[in-house]
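Novice: Quick one, structure for this:
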Amino acid sequence: MKKSFISMFLVVSMIMVMLAGCGQKESSSESTKESTTDSASDSTEETKSESSDYTIGFVPMTLNNEYFIAMCNGAQEKADELGVKLEIQAADSHASAADQLTIVENMITSGVNAICIVPSSSEGLETALKKCEEAGILVFNIDTILDESVTSKVSMDIPFYGTDNKAGGQKAGEYVKENFPKGTITAILTGIETQQNSWDRRDGFMDGAGDAIEVVAVQSANWEVDQGYDAAQNIITANPDLQLIYCCNDSMAIGASKAVKEAGLGDQIKIIGFDGASEALNMVKSGEFIGTVAQDPVQMGKLGVENAVKALNGEEVEQYLDTGSSFITADNVDKQIEYITPYIGE
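Specialist: Numbers count the residues shown, from 1 in each chain. Coordinates of the predicted model:
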């Protein structure tokens, strides 16, 4: 599997942004590949021939997050399989909506055939979606769902492939309900306040946990490690009896873990993350996290590219696909590490 794509793409992404400013779940096993019939092989070769001139733009929120690196490597693997060119560009941070808009506009100008995007902000992309429609460029929404108030402004279909975030949050909440006493003093760190997946992960967790938690603080940390650290510090200071921090992504959870350690409260305050990033998985294995909700960014990337090619070839595609999630604890973490490792690079 490809392990070295992303370092090159990250450099290209940074250069492109600077220039603009101046101007279902598991990958196919070897046994499955060996059992592929000759006719299926011929079909794949035909698809490659039909698709060889396609260029697909792939725009994650950032490449400063391993989750999106895994997603892009999954997308690249599928692009190589189908014989299409993949152009990956990303902004520096999760909240860089203006840079993401510039990247999309540059891709439109360069003449890509389709764009797969993880939106930093729905509102910030309204203009870009309209331009894509005018240029006949297909758009596929990956991971973070675009607001209906924005997608309704264009007449083209925009399929969504990603996690049912509320269901993922519920899995974490149900674990807490089964394993923590009623009234556990809890804080929640959420992501970018305008993003639906942040709300869904929060609400799902609260629904699943029910009366097992007493929520004393809910604070946005914008998906970032440093902001998760700052938010956790403030919450711990204000709530010295805190027992649990649920974080709506692993980056914020990693920051919160640092704050907990510095406060000397590792035995008192437990941490749950969301994403299944490798560092978080290692922290589950070491006991620093009690768990994380693992998404499948690899499958999201593959589905985006695969269905973009199908649509470009005139085939019908699914408008909504849930790529699933699972709650990872020390009991099943090794299997998840084995799955994700080939997609996160050196």
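Novice: As a check, name the ranges of all strands in the stretch 51-200 of the chain.
Specialist: In the stretch 51-200 of the chain, strands defined by DSSP state E, counting those that start in this stretch lie at 55-59, 85-88, 114-117, 138-142, 160-162, 184-190, listed in chain order.
Novice: Now stretch 202-211 - C-alpha only, CSV.
Specialist: Provided in CSV are the C-alpha atoms of stretch 202-211 (Å, rounded to 0.1, in the frame of the first residue of the first chain):
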residue,chain,number,x,y,z
ARG,A,202,-22.1,15.8,21.1
ASP,A,203,-25.8,15.0,21.0
GLY,A,204,-25.3,11.3,20.2
PHE,A,205,-23.0,11.0,23.2
MET,A,206,-25.4,12.7,25.5
ASP,A,207,-28.3,10.5,24.3
GLY,A,208,-26.3,7.3,24.7
ALA,A,209,-25.0,8.2,28.2
GLY,A,210,-28.3,9.4,29.6
ASP,A,211,-28.2,9.8,33.3
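Novice: Going by neighbour count, which residues in that stretch are buried?
Specialist: Residues of stretch 202-211 classed as buried under the neighbour-count rule (16 or more other CB atoms under 10 Å) are 202, 204-206, 208-209. Placement of C-beta: from N, CA and C, glycine included.
Novice: that older thread, same list (the strands of the stretch 51-200 of the chain) but as TSV, adding distance to Val305.
Specialist: Converted to TSV, the strands of the stretch 51-200 of the chain look like this (distance: least, CB to CB, whole Å):
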stretch	distance to Val305
strand 55-59	6
strand 85-88	7
strand 114-117	7
strand 138-142	9
strand 160-162	10
strand 184-190	30
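Novice: buried residues in stretch 110-126?
Specialist: Neighbour-count burial for stretch 110-126 [16+ other CB under 10 Å]: 112-122, 124-126.
Novice: Can you tell me which member of these has the lowest pLDDT score?
Specialist: Confidence by pLDDT is poorest for Gly124 among the buried residues of stretch 110-126, given 77.
Novice: Might one say that that one is in contact with Asp99?
Specialist: No. Applying CB atoms under 8 Å as the test, Gly124 and Asp99 come out as separate, 9.8 Å apart.
Novice: Now, the buried residues of stretch 110-126 that are in helices?
Specialist: Among the buried residues of stretch 110-126, DSSP state H puts Glu126 in helices.
Novice: Out of the strands of the stretch 51-200 of the chain, flag the one nearest Ser326.
Specialist: strand 160-162 (14.9 Å; CB to CB).
Novice: The closest one: partners in the sheet, and parallel or antiparallel?
Specialist: Next to strand 160-162 in the sheet, as set by DSSP bridges, lie strand 138-142 (parallel), strand 320-322 (parallel).
Novice: can you give me the strands for the stretch 201-346 of the chain?
Specialist: 213-220, 244-247, 270-275, 291-294, 320-322, 326-328.
Novice: now for the last one, which elements pack on it?
Specialist: Packing contacts for strand 326-328, counted by 3 or more CB pairs under 8 Å, 6 or more residues apart in numbering; DSSP states H and E, involve helix 165-179, strand 291-294.
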